[in-house]
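> everything below, folded, please.
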Amino acid sequence: MLANKSSSPAGQNAVSEVTIDLPLKILVYKNGRIEGVLRSPFVPASEDPGITGVATRDAVVDRETGVAARLFLPTRAVITGRRLSLVVFFHGGSLIAAAESAFCQTYHRYATSLAARAGAIVVSVEYRLPPEHPTTAAHDDAWNALRWAASLADPWLLYHADRRCTFLAGDGAGGDIAYRTAVRASRAGDDIDVEGLLLMDPYFWEPGWLPHEKAGHGGFLTPAEIAQLPCRRALVAVAEKGAGVRERGRRLAARMRGCWWGGEVTIVELHGEDHGFHLYGPESAGTERLMESIVEFVNKERDQSSMLRDKKEVPSGVLDGAEVAPSLSNGSRMKAVPVDVPRRTMTKSCL
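Next up, the predicted model:
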């Protein structure tokens, strides 16, 4: 009979020895096992805006890969009849499948707050994650999600989004994804207009960050790369107690100011706060300050005439306030075709 490998001292050490410990996120063991330390439960979408004033629904971005997104539509902003800023959001979670999801309670709550406060339509992307998929899959999914959103493929986007006022946003590892997606947009030649970058405590991963990853994406945050960014503005927020995460965010902001990019960069430093504070301390003073900064950033210098022109690009009457308001207030008229959004299998440990 073959002996159980885990019964040997070396096997037991591999099972119990932690090689990577990201506080409040994940534990990576020597044998490759990964555990999510904090992962909030999944919550369903609802087209009833309820007390939040934000209707939500899920959509499939790519059936072949299973990439999906949750859309957050602020109904009070829709009633004005004006087109809304479009925020394509990439959740954090240390790029680990056992950590977080666009459909989890934590990020559903945050995206709802962002949509309501900023008066913007938010597309929160559910991208593929390691260890089931290579890190590159997340970045490919993010790029496909941006192209999908920019094409206004969903009815909510078609009738309500101002694609010329698109923001790429993310926190933690999602900030890394948002930045790299902007870089990719600058090189792809697609007609995608990115107004700004919103990076909240961005964690820029280095090559070989996990045992199963043999290679990373190579160099990044270089002056030449930053100079080609397609966006006109950027907001970088860092938490004082974020240690290495904070310094990487500061480094990016400094390089943006020191290269030939020519855009406007704003850095927001949250004193006394730790990484992920805006998610796990929703009522803290730091969270409120960050949200106020984001709302001001998204709504800065909105081109009213551009929004009015966009209004004429869709069928007559669709964006009229009298037509839109009842369809979203009672949930009976703005019904999109239901979709079966793929859910990735979530377990406490992924081998």
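> please count neighbours and contacts with C-alpha atoms only from this point.
Noted.
> assign a three-state SS to Thr266, would you?
Following DSSP: H, G, I helix; E, B strand; the rest coil, Thr266 is assigned to strand.
> could you say which helix or strand contains the residue nearest to it when sequence neighbours are not counted?
Nearest residue to Thr266, sequence neighbours excluded (C-alpha to C-alpha, 6 or more residues apart in numbering): Leu235, at 4.7 Å. Following DSSP states H and E, the helix or strand that holds Leu235 is strand 233-239.
> and the next helix or strand after that strand, what does it pack onto?
Once strand 233-239 ends, the next helix or strand along the chain (criterion: DSSP H and E) is helix 244-258. When contacts are defined as 3 or more C-alpha pairs under 8 Å, 6 or more residues apart in numbering; DSSP states H and E, helix 244-258 packs onto helix 223-227, strand 233-239, strand 264-270.
> run through who's touching helix 244-258.
Residues from elsewhere that reach helix 244-258 (C-alpha atoms under 8 Å, 6 or more residues apart in numbering): 201-204, 221-223, 226-227, 236-240, 263-267, 275.
> tell me if I'm right that Pro41 and Tyr107 touch.
No - Pro41 sits out of contact with Tyr107 when judged by C-alpha atoms under 8 Å, with a separation of 10.3 Å.
> neighbour-wise, which of these two wins?
Comparing Pro41 with Tyr107 by neighbour count (other C-alpha atoms under 10 Å), the higher total belongs to Tyr107, at 22 against 11.
> surely the more buried one meets Ser113?
No - applying C-alpha under 8 Å, one finds Tyr107 not in contact with Ser113, separated by 9.7 Å.
> just for the protein, where's the confidence low?
In the predicted model of the chain, residues 1-16, 18-29, 31-39, 94-99, 131, 205-220, 242-244, 272-282, 301-351 satisfy pLDDT under 70.
> what's the neighbour count on the residue nearest to Thr266?
Neighbour count of Leu235, defined by other C-alpha under 10 Å: 20.
> now it: how far from Arg251?
For Leu235, the distance to Arg251 (C-alpha to C-alpha, to the nearest Å) stands at 13 Å.
> same check on Glu296?
Taken as C-alpha to C-alpha, the span from Glu296 to Arg251 is 23 Å.
> just checking: what are the partner strands of the longest strand belonging to the chain?
Longest strand of the chain, by residue count under DSSP state E: strand 161-171. Neighbouring strands of strand 161-171 in its sheet, by DSSP bridges, are strand 84-90 (parallel), strand 194-200 (parallel).
> looking at those strands, which is buried most?
Mean neighbour count, computed with mean count of other C-alpha atoms under 10 Å, is highest for strand 84-90 among the strands paired with strand 161-171, reaching a mean of 29.
> may I have that strand as PDB, with CA atoms only?
Below are the C-alpha coordinates for strand 84-90, written out as PDB (Å, rounded to 0.1, in the frame of the first residue of the first chain):
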ATOM      1  CA  LEU A  84     -24.200  58.900 -16.600                       C
ATOM      2  CA  SER A  85     -20.400  58.500 -16.100                       C
ATOM      3  CA  LEU A  86     -19.400  54.900 -16.600                       C
ATOM      4  CA  VAL A  87     -17.100  53.300 -14.000                       C
ATOM      5  CA  VAL A  88     -15.700  49.900 -14.900                       C
ATOM      6  CA  PHE A  89     -14.600  48.500 -11.500                       C
ATOM      7  CA  PHE A  90     -12.200  45.700 -10.700                       C
END
